[in-house]
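Engineer: everything below, folded, please.
(2 chains)
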There are 2 protein chains.
Amino acid sequence: MSSGRAFSVEPWVVREPRLDLDRMGQVESVFALSNGHIGLRGNLDEGEPHAMPGTYLNSFYERRPLPYAEGGYGYPESGQTIINVTNGKLIRLLVEDEPFDLRYGRLHRHERVLDMRSGTLSRDVEWESPAGRVVRVRSTRMVSLTQRAIAAICYEVEVVDAPALVVLQSELVANEQLPGRDEADPRVEAALTDPLVAEQHGSHGAGAYLIHGTRRSGLHVAAAMDHEVHGPETAEVTSEAAEDTGRTTVIARLEPGKPLRLVKYLAYGWSSRRSLPALHDQVRAALAAARYTGWDGLVAEQRQYLDEFWETADVEIDGDAELQQAVRLATFHVLQAGARAERRAIGAKGLTGEGYDGHTFWDTETFCLPVLSHLAPHAAADALRWRQSILPQAYERAEQLGLGGAAFPWRTIRGQECSGYWPAGTAAFHINADIADAVRRHVAATGDEVFEREVGLELLVATARLWRSLGHHDSSGEFRIDGVTGPDEYTAIVDNNVYTNLMAQQNLRYAAEVAARHGRAAARLGVDAEEMASWRDAAKSMRIPFDEVLGVHPQAEGFTSHAVWDFAGTPAHMYPLLLNVPYFDLYRKQVIKQADLVLAMQLRPDAFDLEQMRRNFAYYEGLTVRDSSLSACTQSVVAARTGHLGLAYDYLAEAALVDLDDLAGNSDHGVHIASMAGTWTAVVAGFGGMQMDDAGIAFAPRLPAALPRISFGLRWQGRQLRVEIRPDEVEYRLVSGPPMRLRHHGEALALTEDEPQVRDIPVLDPVEPVEQPHGRAPRPRHPAGPAWTAATSRRAASHPEPWAATGDMRETG
Amino acid sequence: MSSGRAFSVEPWVVREPRLDLDRMGQVESVFALSNGHIGLRGNLDEGEPHAMPGTYLNSFYERRPLPYAEGGYGYPESGQTIINVTNGKLIRLLVEDEPFDLRYGRLHRHERVLDMRSGTLSRDVEWESPAGRVVRVRSTRMVSLTQRAIAAICYEVEVVDAPALVVLQSELVANEQLPGRDEADPRVEAALTDPLVAEQHGSHGAGAYLIHGTRRSGLHVAAAMDHEVHGPETAEVTSEAAEDTGRTTVIARLEPGKPLRLVKYLAYGWSSRRSLPALHDQVRAALAAARYTGWDGLVAEQRQYLDEFWETADVEIDGDAELQQAVRLATFHVLQAGARAERRAIGAKGLTGEGYDGHTFWDTETFCLPVLSHLAPHAAADALRWRQSILPQAYERAEQLGLGGAAFPWRTIRGQECSGYWPAGTAAFHINADIADAVRRHVAATGDEVFEREVGLELLVATARLWRSLGHHDSSGEFRIDGVTGPDEYTAIVDNNVYTNLMAQQNLRYAAEVAARHGRAAARLGVDAEEMASWRDAAKSMRIPFDEVLGVHPQAEGFTSHAVWDFAGTPAHMYPLLLNVPYFDLYRKQVIKQADLVLAMQLRPDAFDLEQMRRNFAYYEGLTVRDSSLSACTQSVVAARTGHLGLAYDYLAEAALVDLDDLAGNSDHGVHIASMAGTWTAVVAGFGGMQMDDAGIAFAPRLPAALPRISFGLRWQGRQLRVEIRPDEVEYRLVSGPPMRLRHHGEALALTEDEPQVRDIPVLDPVEPVEQPHGRAPRPRHPAGPAWTAATSRRAASHPEPWAATGDMRETG
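Structural biologist: Residues are numbered from 1 along each chain as shown, chains lettered A, B, ... in the order given. Below is the predicted model of the structure:
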């Protein structure tokens, strides 16, 4: 692995100052552009070298067999895997017969810049061919946030020293040759190698199109391109198409100082139902609209869309330039994942890579949607409408499992359960309460009653019914939920997981409340007063185990009686433990992969008093190894809320830098959308102390000593709000919208447009430091000396090794 | 499925009075002959029709991939599957150019008889060919119990009406074409289709041999045959061999009344190490010895071996002819499975079929060996020596799992873990205590101190070390074993399974005791006084949960708080539940596949008082659905011990008839060796009340009302003992051996050879009846009327459907 970071630290852009072949996979993910419908990995224009070429369309997948050494009832037989569709990013260049390939010749300069305000990835290269020809290539790529089916590339090539004949081949390529997959299973190989079957193709003037279908999932994809060429009059443009290739070729003799400029418009469409002509016409129409808008028009639209987004969404962090950049990148990728998903799933990796087969998990509802509900509410609403759209599959799954209501899949693309290991899949029923919670938060954040009635109600009723059938009353009258798996994947199949029970309790209670509010709509779903009462009763008598001896909540029944993992005897190279230790041993011991009880404290703060929170947090800090990227952000929120501000800062940085610093070592599979979303939440719900409940919205801001200022914005029931936290005071500003009330550290406060309110931050009583397992403390952020060193500080110098490989981690918070 | 039974009821033979193609698979299993080294399914001499042709050699297997939808650390990547080796049973017959095939022509008579005293399977057929030729075929087949490598067939053909030219082709056939496997996985198909690679072959006079190897497991098998022909002088005998076929052809023109008789001697040998010439010579030598002994000699040896066996082993049951026959068949198959296994595994199906891939589970130690220790002690000792021989793999597995000592595989042929579903495989650690318990019982039954020191000690130390590392002391000082799976496979990954903890307790305690007794040998294994003390301490503080409210032992921590399965709402066709319900739902509810806590009461009676036993038995009867054939025998034992004698009788019949009546519907995969062994145990430990402890051997006999007399024998520390139970009294007789003491219903009693002691059986206080889950009571045995109807009673008439398909089951015991 290379030393140093891949990127420079700048506030609004992510710059790769030079090409590093060893980091290519990570950089392709970080530089992926997406609008939630189309995703283009940050591959080089010329296609090679690459770590993993990737062009994705939301929910375009192939089915594949799921094999079992020993099968069982209800095991899914077929999985779904996102597939690399027709690559339209390709623009190959020949200079006097020599292919432009960075692995040969000399690279004078190679810089790429992801600009988070313009929503573009641009590249600036100066290359000397093996024969000594020097060319400069500048390209800019975008996936349009305003025209959902469109991506575009502006490609400019210029000869530096002497005239030369150049050939550009702008292509569509289907069934690209991919690097080998991990799976050894030849059936999986067979299903996913060359997954696209050619159905139609054509070329015309400066463009071409290809239509392909999948073998098993019954989907069809159309990709089309058109071009504008600006250059010498003598340039010749031809196009051709074959089954798996569309190609527009531009040949021109270039003079130094007179570049050849190619604008490539790219349109994608897919469908399981529409005819091939309809699909063809759809992409041609999208292309026509894009050409009509033109490159400059697309760029301007993109900028305007993002300006509006950032106006609310921007988080400013003074005193830590690296974190400032990271938080913006995180917000940007969350937007990209959801912006135009439009009733399709938001995957754990967005459309930035093939990690987890492109599946959607609880990440969407628990980590992403609470952010989108405040920054891009239409995207959050659409994601929940997608859940509503897969209710038929969820009802069917519940029936197969012998349960009432709906059982949403643990992982899926199209709605069917695709989890091949049920103790950490099917048994993780909490996803259903997580969906209900996302509904609750979305309605609270937006005040959208139409959504509540038309989308929320059905989701709430379906999930409440699931919980009512999944749990039972024991002889003492308590309502138990046995044999399920909570968020922590190092514990499985347990009774009364506190997180699950608290979230189910809220689900049941809220479903009854919403059903009561929309009586007629509820009645149409068959809900009557008796059923609502049974939900309320179950919620009321929900068992929440508590260990009286230790004075903490056990993560689940009996958890605190288990042996504590031998952390001292576990060397750093054993992490992540799941790769080196059997599940059997993890499940039976006190060792936690990711926040579970601590997440319950974040999402259900009403269920704990401060003293319990502090004791619980301290207890679980000592057991949590963070082998999941879904943990640090939650630990940051609860650390902040329990007064461990320095620790909260450390965790925030870990969550924020997961992909920029490749902390999990797998950013090449795609970025960690949940950790990125959690970064925003760590700022807003952690340092900002934001909570929503029946009484409205509340803040309890506090900064860590190292940071002089944090400012964040959010949408609240049609308003735009900005909060600026300084060490001793906070300013609340209603940027737009009708007057509102909020609470500041418990104090009620009225806010009107253009009349900011400033309040003091109460002094924090000192708290006992907490300890993490041996070797698993987060890397301390600025452990000593001045809180803030320099805006351009490069961690690369002082920390040559990436986090995941260091043993140099502090042991106390 | 055909109606009626496949077999007639006779005391010493199992007779199939007519051929029933629908029952062929079941009959092939019941009629399988084996000596524990070679196994021949009861296929027809001519090979076809068949359900599943089967010729097996103990531990001759092929490796195959174990696929996972989601892999995990420590998952076995490769399984082991017993394979059908070279078929030497084949003798094809042509009558005037027409092949003898029962599917064509007319069958005048077809009878097969398994004789449990002679250890032979004989057949008597009269068949009319499509062209009207009538022939009579009589064959007798044996697998020699005295000559381990030898099987033999005596085949006689006679024309009935008119002279005819007949051709006999006696064959060796490798890579027989098999009916399709269930697995859909093409990799498994590839590994197991035509698994044998030809290595050498040859023919000579009236014989031939074939040597083959496997592709992955590196084993080689040699099969050789030789023949004696008795018939017309003009008979011509030729032999030939090719890669997968050896053939001796006999051609003769037969006259009515002058049969042609062919004696076929068959020898098998296999090795992973020996050279092909060595293997070849080995089978030729075995053949030579068999020919020297001759057919009559082999038959006589077999008879003598079995006479000696039955002298001790025979169980006489008056008043129930069907059960009498079934108990003998059960005893016979248990002997066949183990007799000459000689330091190889005893599989769950013996060598009677390919069920469970030919694997060995805890069945061997918990069900089989306690029987063999009393009836064929050398076989029990050898089976435990096999366990000792796979200690290297068990040490390695423990290390892989991060544990001390040895972790024996849940299922295996050669010692490596082959379980592809860890919650019901790896997690079922009780197998290690089960092995220790088999050592304890074997030493108690035989008094063999050399075995204790040379074999037992190492097994005990290895397993005690496992338990010591698997459990931990909690803060209150109790020793807990968390996250394991007990015998009941409808519950998994639980804390403090009572069965596991009690068996581990005994394992730890007994290991310390034996190590103390053999101090020097223990020291060589690194055992010191501190380690022994730590075993005793863990045993002493072992946690045994108890539900004070219900007054019963929960099967595991928290079990009695789980929802009780909705038995009333579960129709009969849903059983076995594991085929129709997800594990997830089974694990979290009170529903029990097979005796677990009840088995603990059988094996650790010292840990319960009678009142607890009765309450526990009643509680668990109400939850146990017996979806496993390992349950009825145990329920019979504990029913008898708690005074439910009628119910014990019902369960005994269910255990005994599992294959004769195909109660589980899968006897075609091989017979249920554990249930067969459990049948003997149900008689001896249930109705006989036999227990062994430090004070010696004890009986507490009692008969169910329906049976006038049971007599059984056993070996006890070099003695031969017989117990005859009558309704009001019991007779103890020391058939041979030095004077001994025993206890009768608590009363001490001295016994010397030829001085039987008769004692009264104390009157049993009436007990409250117990209830089984709705529809899951055992079929009542003679529910009303005279206890015993007729010696030749055929259940076929009154119960046309087999048990598994009837809903007509009583609901109270």
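Engineer: go through the lengthiest helix in chain A and flag the buried ones.
Structural biologist: Assignment by DSSP state H gives helix A:276-313 as the longest helix of chain A. Within helix A:276-313, the residues scored as buried using 16 or more other C-beta atoms under 10 Å in any protein chain shown are A:279-280, A:282-284, A:286-287, A:290-291, A:293, A:295, A:298-299, A:301-303, A:305-306, A:309-310, A:312-313. All C-beta atoms are positioned from the backbone trio N, CA, C, and that covers glycine.
Engineer: now do the same end-to-end measure for stretch A:513-523.
Structural biologist: With C-alpha to C-alpha, to the nearest Å as the measure, stretch A:513-523 spans 14 Å from end to end.
Engineer: and it, average pLDDT?
Structural biologist: For stretch A:513-523, the mean pLDDT works out to 98.
Engineer: could you do stretch A:68-78 as well?
Structural biologist: In this model, stretch A:68-78 has a mean pLDDT of 92.
Engineer: can you give me the buried ones in it?
Structural biologist: A:68-69, A:71, A:73-76.
Engineer: nearest to A:Thr55, out of those residues: which one, please.
Structural biologist: A:Pro76 (26.8 Å; C-beta to C-beta).
Engineer: shouldn't that closest one be in contact with A:Trp422?
Structural biologist: No - counting by C-beta atoms under 8 Å, A:Pro76 does not reach A:Trp422; the two are 9.2 Å apart.
Engineer: identify the farthest-apart pair in the buried residues of stretch A:68-78.
Structural biologist: Maximum distance among the buried residues of stretch A:68-78 (C-beta to C-beta): 16.5 Å, for A:Ala69 and A:Gly74.
Engineer: got the phi and psi for the residue nearest in space to the middle of chain A?
Structural biologist: Nearest residue to the geometric centre of chain A (C-alpha atoms, centre = their mean): A:Ile673, 1.7 Å. When read as degrees, to the nearest 10, the backbone of A:Ile673 gives phi -60, psi -40.
Engineer: cool, A:Ala516 as well?
Structural biologist: Dihedral angles (degrees, to the nearest 10) for A:Ala516: phi -70, psi -40.
Engineer: who's in contact with it?
Structural biologist: For A:Ala516, the contact set (C-beta atoms under 8 Å, 6 or more residues apart in numbering or on different chains) comprises A:522, A:532.
Engineer: please apply the same query to A:Arg441.
Structural biologist: A:369-370, A:373, A:692.
Engineer: switch to 7 Å and redo it
Structural biologist: Going by C-beta atoms under 7 Å, 6 or more residues apart in numbering or on different chains, A:Arg441 touches A:370, A:373, A:692.
Engineer: can you add distance to A:Ala556 and give those residues back as CSV?
Structural biologist: Converted to CSV, the contacts of A:Arg441 look like this (distance: C-beta to C-beta, whole Å):
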residue, distance to A:Ala556
A:Pro370, 24
A:Ser373, 29
A:Met692, 27
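Engineer: make a PyMOL selection of the buried ones in those.
Structural biologist: Remark: buried members of the contacts of A:Arg441, expressed as a PyMOL selection using 16+ other C-beta under 10 Å:
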select buried, chain A and resi 370+373+692
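Engineer: please flag which of the contacts of A:Arg441 sit within helices.
Structural biologist: A:370, A:373.
Engineer: what is the nearest of the contacts of A:Arg441 to A:Glu611?
Structural biologist: Nearest to A:Glu611 among those: A:Met692, at 23.2 Å, using C-beta to C-beta.
Engineer: excluding its backbone neighbours, what's nearest the closest one?
Structural biologist: Using C-beta to C-beta, 6 or more residues apart in numbering or on different chains and skipping residues adjacent in sequence, the residue nearest A:Met692 is A:Ala444, 4.5 Å away.
Engineer: swap in A:Gly39?
Structural biologist: Nearest to A:Gly39 is A:Leu351, by C-beta to C-beta, 6+ apart, at 2.3 Å.
Engineer: count of neighbours near A:Thr86?
Structural biologist: 28 (other C-beta atoms under 10 Å in any protein chain shown).
Engineer: shouldn't it be in contact with A:Leu210?
Structural biologist: Yes - between A:Thr86 and A:Leu210 there is a contact at 5.5 Å, judged by C-beta atoms under 7 Å.
Engineer: between those two, which contacts overlap?
Structural biologist: Residues touching both A:Thr86 and A:Leu210 by C-beta under 7 Å, 6+ apart: A:172, A:174, A:223.
Engineer: narrow the residues you listed to those in strands?
Structural biologist: Filtering these for membership in strands, criterion DSSP state E, returns A:172, A:223.
Engineer: going through the shared contacts of A:Thr86 and A:Leu210, which ones are buried?
Structural biologist: Buried members of these, counted by 16+ other C-beta under 10 Å: A:172, A:174, A:223.
Engineer: quick one: pLDDT of the second one?
Structural biologist: Think A:Ala174. pLDDT, A:Ala174: 97.
Engineer: what residues does it make contact with?
Structural biologist: Shown in contact with A:Ala174 (C-beta under 7 Å, 6+ apart): A:86, A:196, A:210, A:212, A:244.
Engineer: what about the fourth one, which SS state?
Structural biologist: Translated: A:His212. Under DSSP: H, G, I helix; E, B strand; the rest coil, the three-state class of A:His212 is strand.
Engineer: what about it, how many residues nearby?
Structural biologist: 23.
Engineer: that one touches A:Pro195, doesn't it?
Structural biologist: No - proximity of A:His212 to A:Pro195 does not meet the contact threshold set by C-beta under 7 Å, at 8.7 Å.
Engineer: sorry, back to before: closest to chain B among the shared contacts of A:Thr86 and A:Leu210?
Structural biologist: A:Ala174 (26.9 Å; C-beta to the nearest C-beta).
Engineer: quick one: the residue nearest to the centre of chain A and A:Ser34, what's the gap?
Structural biologist: Remark: distance between A:Ile673 and A:Ser34 (C-beta to C-beta, to the nearest Å) = 10 Å.
Engineer: now swap in A:Glu654 and tell me
Structural biologist: Distance, A:Glu654 to A:Ser34, using C-beta to C-beta: 24 Å.
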